[in-house]
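Participant: I need the structure of the sequence given here:
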Amino acid sequence: MAEAAAADGQEKVIAAAQRIIKSLATSTNAAEDMLRILSGFDHRLSAIPDLFPSSAARLDAAEKVILHWDPSNSNSVWESSPDDISEYLAAVDEVIHLAGGGGSEDDRDLYGRAEIVLQLAMARLEDEFQHLINRNFATLGAKGLQDSFQRLTLSFSPVSGNRITEDSDPSVEGEQHSANPEERGGNSPSDDQTSNSIPPEVVSDLKQIADRMISAGYGQELCQAYSGARREILNECLSALGVDKLSIDEVQRIKSKAFDDKMKKWILSLKIVVGVLLLEEGKLCNQIFATSDELKEECFAEATKVCVIQLLNFGNAIAIGKWSSENVFRILGMYEALAGVLPDLLALFSGNLKEFIHREVEGNLGRLGDAVRGMLARFGNTILRETSRKPSQSGEIHPLTRYVMNHIRLLMNYSSSLNVLLADGEVDGGESSVRDESMTPLSHCIDLLISDLECKLGEKSKLYEDDGMPYIFLMNNLLYIVQEARDSELKILLGDDWVRKRRRQIRQHATSYLRASWTKVLSCLKDDGLGGSSGSSHNVSREALKERFKNFNLAFEEICRTQAKWKVPDSQLREELRISISEKVIPAYRSFVGRFHGQLEGGRHVAKYVKYTPEDIENYLSDLFEGCPSQSSHHRRTLSV
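Facilitator: Numbering: from 1, shown residues only. Prediction:
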């Protein structure tokens with residue numbers, strides 16, 4: 001019984017000694033000093049040195065594990081068993097501890113050996129670190145990467161109804177303004193949609209490696225390993241998004257159709273890179289390099305700056321190019337996308353790199369603004385230089401009018417940005433560029449563009465040979481302009497006075513049309529030249545009267561035959577014109593027939609001269625401006641006066 005108690009007591013003492021030594025093992029010397037003290041204190045502690053090997057023995061054991069995984073062993077530690085991983089990490093911890101012990105002259109050889117073993121361990125950990133990152137990305141594969149970004153792109157796509165569709169755009173459809181999917185009404189990308197995220201268990205492995213490399217003073221080597229691997233991965237992501245690394249000359253040689261595709265991909269890529277990929281990268285750095293804020297920032301900057309600079313370089317190359325005015329919507333889309341992500345982009349960086357990126361983005365925005373102003377000026381010149389000489393036979397809305405107004409309506413999608421850009425530099429409008437102070441920069445620009453269009457329409461109206469057709473053409477086109485403004489935000493931008501002025505012009509054109517087309521017809525219904533006493537229908541020349549009816553019939557029939565081919569698309573304007581004609585022609589005809597029909601009675605072929613009743617006249621007028629020859633067979637009625 002006494003022997004058992006003694007043995008139990010010895011075990012307790014040894015256990016206590018083990019706990020003490022463990023707590024004091026902050027350095028090799030302290031632990032060994034304590035061992036010597038405890039060993040000489042009592043014979044029961046004489047076995048402690050056997051339980052706690054010397055530093056040399058511990059180094060030997062650790063070295064054996066580390067050398068097993070030297071460069072000649074092509075297998076990965078982290079692809080072996082969990083026990084192998086734990087054993088290797090424990091060996092690394094031991095070597096880090098021994099190599100950092102300092103010590104006396106007698107221990108220098110030990111520490112020298114520990115340093116050599118430590119270098120081998122760090123080289124292996126660096127390789128394992130890169131391998132873990134690359135292996136995770138490689139498992140996705142090229143198709144998986146494309147599929148991942150396709151899903152991600154959908155969450156950043158414009159919401160139907162927020163923008164004019166591509167079919168209505170003369171060149172391209174507008175883009176969403178915000179880089180935040182929630183602000184656009186889209187869905188935020190979920191974790192399984194992202195393309196380069198690393199599973200939590202792999203992040204844990206990476207952190208274990210990073211902690212040991214940082215502890216051993218190998219932070220720079222760790223940063224190079226991380227940034228090199230992640231930089232390549234981000235480049236692969238850009239490639240999958242369709243953003244290739246192009247020189248300025250290569251960008252300038254992009255053809256029109258390819259240009260549109262490149263711009264769409266760039267805008268989406270910018271939003272995805274800043275809104276998803278860089279955020280993921282920041283989270284990854286925070287997790288892996290949690291023990292070193294300085295290294296965390298450095299690794300993030302080194303991994304991401306090339307990707308960001310590549311995006312900005314493409315934007316800069318686009319901004320300094322000479323593009324068609326039709327591409328202004330893509331340039332505006334670039335401007336808004338870049339301005340939209342700027343706050344989030346700057347929040348990701350710090351120090352000199354943050355300042356550099358800020359300068360680059362501001363420079364990009366400035367050059368994009370210059371490009372937009374130049375393209376708007378060229379658009380105005382394009383309107384004025386439009387050279388088609390073949391007028392529409394029906395006098396309806398000219399394709400140029402539809403194109404320009406569609407272009408202007410699309411500009412309204414970028415009204416906020418355009419007001420900022422145009423405030424920095426007005427679009428040159430020549431003598432008419434003096435702006436009313438009450439007008440916004442955008443309203444002044446649009447007013448100039450519409451004025452250019454109206455000027456060109458005035459020129460085109462002179463191509464018509466018929467005296468009345470120019471006014472029908474001008475009415476159709478001006479009414480279309482007014483309707484496009486009235487049915488959009490243009491009315492608010494240009495104001496009610498602007499709309500009222502154009503409506504007055506339409507009425508003036510209607511008056512000019514009536515005078516040009518119907519004066520000859522109406523002159524046939526006047527008494528002048530018929531003979532007889534003034535104001536009397538008696539004693540008029542029957543021959544002159546026949547000639548007058550004959551001339552009226554010929555003139556009226558010619559107008560109806562010709563102007564039935566003319567087109568007034570707007571039903572209200574078409575009806576108003578018919579009413580205006582009826583109000584002038586029918587009363588005059590009714591009066592003329594009522595006064596002079598009796599003078600022809602009793603003669604031969606009266607119906608040859610008095611061919612139409614007032615109702616016939618009204619029926620024929622109802623066929624005007626339909627855009628095709630009259631298909632009606634209006635039955636002439638027998639006159640009864």
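
Participant: quick one, strands of the stretch 351-500 of the chain?
Facilitator: In the stretch 351-500 of the chain, no strands are defined using DSSP state E, counting those that start in this stretch.

Participant: so where's it uncertain?
Facilitator: 425-437 (pLDDT under 70).

Participant: how about a cut-off of 80?
Facilitator: 424-438 (pLDDT under 80).

Participant: just the stretch 501-641 of the chain next, same as before
Facilitator: 528-540, 598, 600-607, 629-641.

Participant: again, only using 50
Facilitator: 633, 635-641 (pLDDT under 50).

Participant: longest helix of the protein?
Facilitator: helix 351-384 (DSSP state H).

Participant: please parse this structure into its domains.
Facilitator: Following automatic domain parsing, the chain resolves into domains at 2-137, 141-355, 386-514, 524-621.

Participant: quick one: residues in contact with the helix or strand containing residue 608.
Facilitator: Using DSSP states H and E, residue 608 sits within helix 606-609. Residues external to helix 606-609 that are found in contact with it (C-beta atoms under 8 Å, 6 or more residues apart in numbering): 545, 546, 549, 550, 553, 600. Where C-beta positions appear, they are placed from N, C-alpha and C, glycine not excepted.

Participant: just give the number of residues close to the fifth one.
Facilitator: Right, the one you point to is residue 553. If you count neighbours by other C-beta atoms under 10 Å, residue 553 ends up with 17.

Participant: residue 390 versus the closest residue to it other than its chain neighbours, what's the distance?
Facilitator: Spatially, and ignoring its direct neighbours in sequence, residue 553 is nearest to residue 611 (5.3 Å; C-beta to C-beta, 6 or more residues apart in numbering). Distance, residue 611 to residue 390, by C-beta to C-beta, to the nearest Å: 36 Å.

Participant: which one of those two has more residues nearby?
Facilitator: Of the pair residue 611 and residue 390, residue 611 is the one with more neighbours under other C-beta under 10 Å, namely 16 against 7.

Participant: what about the more buried one, is that helix, strand or coil?
Facilitator: Secondary structure for residue 611, judged by DSSP: H, G, I helix; E, B strand; the rest coil, is coil.

Participant: so residue 590 touches residue 614, yeah?
Facilitator: Yes: shown here, residue 590 and residue 614 form a contact pair, counting by C-beta atoms under 8 Å, at 4.7 Å.

Participant: can you tell me how far the residue nearest to residue 553 sits from residue 388?
Facilitator: 41 Å.

Participant: what of residue 614?
Facilitator: 42 Å.

Participant: between these two, which has more neighbouring residues?
Facilitator: Using other C-beta under 10 Å as the criterion, residue 614 and residue 388 rank with residue 614 on top: 18 against 11.

Participant: residue contacts, the more buried one?
Facilitator: 586, 589, 590, 593.

Participant: same thing but at 6 Å, please
Facilitator: The neighbours of residue 614, taking C-beta atoms under 6 Å, 6 or more residues apart in numbering as the test, are 586, 589, 590.

Participant: then residue 110?
Facilitator: Contacts for residue 110 (C-beta under 6 Å, 6+ apart) come out as 55, 56.

Participant: got it, and residue 478?
Facilitator: Taking C-beta under 6 Å, 6+ apart, we find residue 478 in contact with 502, 505, 506.
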